[in-house]
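Student: starting from these lines, generate the structure:
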Amino acid sequence: GCPSSCPLQLYVMSQSKKKELNPFALRCCPWSGCCGMGDFRPRTVWLGHPEKREQRYPRNVINNQKYNFFTFLPGVLFNQFKYFFNLYFLLLACSQFVNELRLGALYTYWVPLGFVLIITIVREAVEEIRCFLRDKEVNSQIYSKLSTRGELLFSLGHMGCSCFLRTDQLDGETDWKLRLPVACTQRLPTAGDLLQIRSYVYAEEPNIDIHNFVGTFTREDGDPPVNESLSIENTLWASTVIASGTVVGVVIYTGKELRSVMNTSNPRHKIGLFDLEVNCLTKILFGALVVVSLVMVALQHFAGRWYLQIFRFLLLFSNIVPISLRVNLDMGKMVFSWMIKKDSKIPGTVVRASTIPEQLGRISYLLTDKTGTLTMNEMVFRRLHLGTVAYGMDSMDEVQSHVFSAYTQPPHDFAASRAPATTKVRKTISSRVHEAVKAIALVHNVTPVYEANGVTDQAEAEQHYEDTCRVYQASSPDEVSLVQWTESVGLTLVGRDQSSMQLRTPSGQILNFTILQIFPFTYESKRMGIIVRDESTGEITFYMKGADVVMSGIVQYNDWLEEECGNMAREGLRVLVVAKKSLTEDQYQDFEARYVQAKLSVHDRSLKVATVIESLEMEMELLCLTGVEDQLQADVRPTLEILRNAGIKVWMLTGDKLETATCTAKNAHLVTRNQDIHVFRPVTTRSEAHLELNAFRRKHDCALVISGDSLEVCLKFYEYEFMELACQCPAVVCCRCAPTQKAQIVRLLKERTGKLTCAVGDGGNDVSMIQEADCGVGVEGKEGKQASLAADFSVTQFKHLGRLLMVHGRNSYKRSAALSQFVIHRSLCISTMQAVFSSVFYFASVPLYQGFLIIGYSTIYTMFPVFSLVLDKDVKSEVAMLYPELYKDLLKGRPLSFKTFLIWVLISIYQGSIIMYGALLLFESEFVHIVAISFTSLILTELLMVALTVQTWHWLMVVAELLSLACYVASLVFLHEFIDIYFIATLSFVWKVTVITLVSCLPLYVLKYLRRRFSPPSYSKLTS
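Tutor: Numbering: from 1, shown residues only. This next block holds a predicted model:
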């Protein structure tokens, strides 16, 4: 298997742009249950100690298969016969070996059972082979190895000193993370020398926490030995991607010990709600079977060996419980899955769980990830606002010309424009734009990195600031988008190190700035600052950018900031406020002295440092607002609108920040414009949670935004109350959610509401949620296939979800309901006839139809027309997409309910009785004539009933009807032992069959017409 965890970075390099650390593993072995989670221990991994490398760790192999070669047949048979009804049919078939219980030829019971089992085994085999091939593809990914023995190391390109990591597949966060190498390994000439030094890594036992790591690196061959502590900053977890640079790492955890695997629950075998409902109906039918058998024996006054008679009647009426129901539904599901796969409107959709397509027709809650599912995780600069004037995407050329003119003015003006304004002169628009752009180009943590591009090597590119070789690295994609925008309007960030920054003007001049101080962004402060000295003028400026809530108190009074921030936020833009303050040399020296003093204090250091910085953050000059948008996936808004109109509530569960999540929710119209948003305040104690829940209870029809930590507190103390309130919300956004928390929310929703849930995600951090939901949908994104491999359905874009649910989900559910009820009707009809026949002939346990008639009835004579119901549809797919309200009707479960079941039972009893009594009344001399008349009428009635049920004819349905009729007529030649051939050719036979068939079917046709006329269903209003 391929090592997919490289938790310790020894060298960092910069060659391949994106190197993915193989997203991993749902289970480490076929018997993952046996690898208990309790035996995890700390470990020491040795380098340069070949004799100490014998310890075994879990294999790094993905295995998503349910069976292996030896367990396949026993496993499939066990899974089939653990269900009561399959076991019941097996016992029935076996009972025919007992002479007293035998009712006819052995094949009448064994052939249908064998047919059902063969279909099931073939289906399972196909799914297992597909699963094996998918696993093989992932397990055969290639990696480099630095030794001849069992040491696993990632070996990749040139030396550097740090790299950036994308972790959105692990924790859902869009920020890039900076990762640092182990310092004492940086001075080795080549990667191979790692195996020559005598050293070891001590690492903590594997655990679920993806945000922390404790370990040490010890080098023994130094004098003295070198010890270096290792933290999360030295690790690369599996399922993360190296965004830039290359690394050599030593593997610490593999297989089931990976953080990503420990945050993933084992896949559960999903049984559809529809299957459970059908199971319930078959239990009722079994109860009816037992009751009918007991009544028959009771009417015989329990004479003689009555207990044997009960068994014979159970066998005689065994058709009441249809053996073909399961196989018809399973084959139907295969057809629905094939239709989804072949739909050209949703290309690339894959059905991985062909057992639950009808679940898609009854979803009440949709839980979706944000990054990569709703959004593309690509930031685009949209708006620059200066208070009196705003620049959008269409007016960026104006900004460009202002910047150009600022740097191409005559020299004396140019110097004046950059000197601090001594008099309070109203600045021109041009200089204000220039100052804003310059501030955005300076206040950030972005580093330009130069990579060789085949034409230019790295050193040359760095020396000449080659545009084609430059890549920006930063912890946040927002920052990169801002710097890329300043480059597009003419001011380019070309160089940066710890203490300086270089900008290039439109004319090619290089501006040098010394970085005096940086105040990094934190979640508490919500702002970042930088103090720089312009080398050409010696001017010192403090620049700052941050969220409007904190910046409004820092900048000088103005009357537009709050209003414009609100306007931009409503458009779904992430707003940053940019401000500046000019400092004299004395002011800066005074600040620096106090700042250094505060940083040296032992008690309350962070508080003292914050106080010193705050002394600068006063009366700052407001320069501009910037608006950045995380681009949504194609057609996200219309898709969410369709889902909302269909009665589906959408919850967004993301690992990203609160502000980002709220922006996306507004931008995607998950929260409509006229809806209020209630941001749940951070709570840590029971009393705080109680107060906040009470505040939330007083709000009506408002969306809820809550963070993972607060959610945990609420669920701990007020689980029932919180879920009750949240379920009433039109939309819920949970941010900073851990993968296991996402799964917990899904589980609670299912338990509390009893409704069906669907989870949609694209990353490794969504796998638990996808597997917990009733329907898991994986979006195949840029981030790998981990979610789509674990999901029941895999789509290429979020917008395909609308059609998957509205068209395929709805059709699958309605067709399955019609098919199951028709199969039950078919079985009940023949059972009613058997009951009438037995009661007329003194309750004798004698079969009405023998041998091939009974097998042919549920197979070649009626199988094709009944199964063709899987092609039926009530409305065109375009109409289903246009009127998602049609989907709402299905949420009540009306297509298959006790009411519809009872109607079909009554129809079956009516038709079975009419056919049997009609045949008994109209036959003249021979018993064989009863069989001929009743059986022919029964077949014709079934074919006419299919025609009555169909709503939209398909050419295959017509073929199925005619084919079945032809099969019956042709087979009469071979059935002379059951049916009198000469009698069939007479006119007497024809009129009797016609009358009986008309009496059994005509009233139903009349009822259907009247119902359509006076109480039409909702869809017929759209199609008429």
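
Student: after the lowest-mean-pLDDT helix or strand in the chain, next one along is what?
Tutor: Scoring the helices and strands of the chain by mean pLDDT, DSSP states H and E places strand 153-154 at the bottom, with a mean of 33. Remark: after strand 153-154, the chain's next helix or strand is strand 163-166, criterion DSSP states H and E.

Student: what packs against that following strand?
Tutor: Counting contacts by 3 or more Cβ pairs under 8 Å, 6 or more residues apart in numbering; DSSP states H and E, strand 163-166 is packed against strand 8-13, strand 176-179, strand 241-244. For glycine as for every other residue, the C-beta is placed from the backbone atoms N, C-alpha and C.

Student: can you give me the buried ones in the second one?
Tutor: Residues W176, K177, R179 are the ones in strand 176-179 that count as buried (16 or more other Cβ atoms under 10 Å).

Student: any weak-confidence spans in the stretch 51-200 of the chain?
Tutor: Applying pLDDT under 70 to the stretch 51-200 of the chain flags the ranges 51, 53-55, 146-161, 172-175.

Student: mind checking how far the lengthiest helix in the chain is from the chain centre?
Tutor: The helix that spans the most residues within the chain, counting by DSSP state H, is helix 107-139. Centroid separation between helix 107-139 and its chain, computed with Cα atoms, centre = their mean, to the nearest Å, is 26 Å.

Student: swap in stretch 457-474?
Tutor: Remark: stretch 457-474 is offset 39 Å from the chain centroid, using Cα atoms, centre = their mean.

Student: now do the end-to-end distance for that stretch.
Tutor: 23 Å (Cα to Cα, to the nearest Å).

Student: which residues outside that stretch are in contact with it?
Tutor: Identification of contacts with stretch 457-474 by Cβ atoms under 8 Å, 6 or more residues apart in numbering yields 14, 17, 158, 164, 176, 243-244, 444-453, 455-456, 480, 483-484, 492-495, 502, 504, 510.

Student: got the buried residues for the longest helix of the chain?
Tutor: 108-110, 112-113, 116-117, 119-120, 123-124, 127-128, 131, 134-135, 138-139.

Student: just checking, what packs against that helix?
Tutor: Using 3+ Cβ pairs under 8 Å, 6+ apart, the elements in contact with helix 107-139 are helix 72-81, helix 84-95, helix 324-342, helix 851-858.

Student: follow-up on the earlier one: closest one to A773 out of the buried residues of strand 176-179, please.
Tutor: Taking Cβ to Cβ as the measure, A773 sits nearest to K177 out of the buried residues of strand 176-179, at 28.9 Å.

Student: who are the contact partners of the closest one?
Tutor: K177 sits next to F164, L165, R166, T167, S475 when contact means Cβ under 8 Å, 6+ apart.

Student: tally of neighbours for F1014?
Tutor: When neighbours are defined as other Cβ atoms under 10 Å, F1014 has 7 of them.

Student: make residue 1 into 572 and carry on from there
Tutor: Happy to do that; since the first residue is 572 now, the last one works out to F1585.

Student: among the contacts of stretch 1028-1045, which lie within helices?
Tutor: In helices, defined here by DSSP H, the members of these are V1051, V1054, Q1055.

Student: of those residues, which is the most crowded?
Tutor: Going by other Cβ under 10 Å, V1054 tops those with 23 neighbours.

Student: I'd like to know how far the closest residue to that residue other than its chain neighbours sits from W1056.
Tutor: Among residues not flanking V1054 along the chain, V1017 sits closest, at 4.7 Å (Cβ to Cβ, 6 or more residues apart in numbering). As defined by Cβ to Cβ, to the nearest Å, V1017 lies at a distance of 12 Å from W1056.

Student: also S1559?
Tutor: As judged by Cβ to Cβ, S1559 and W1056 stand 92 Å apart.
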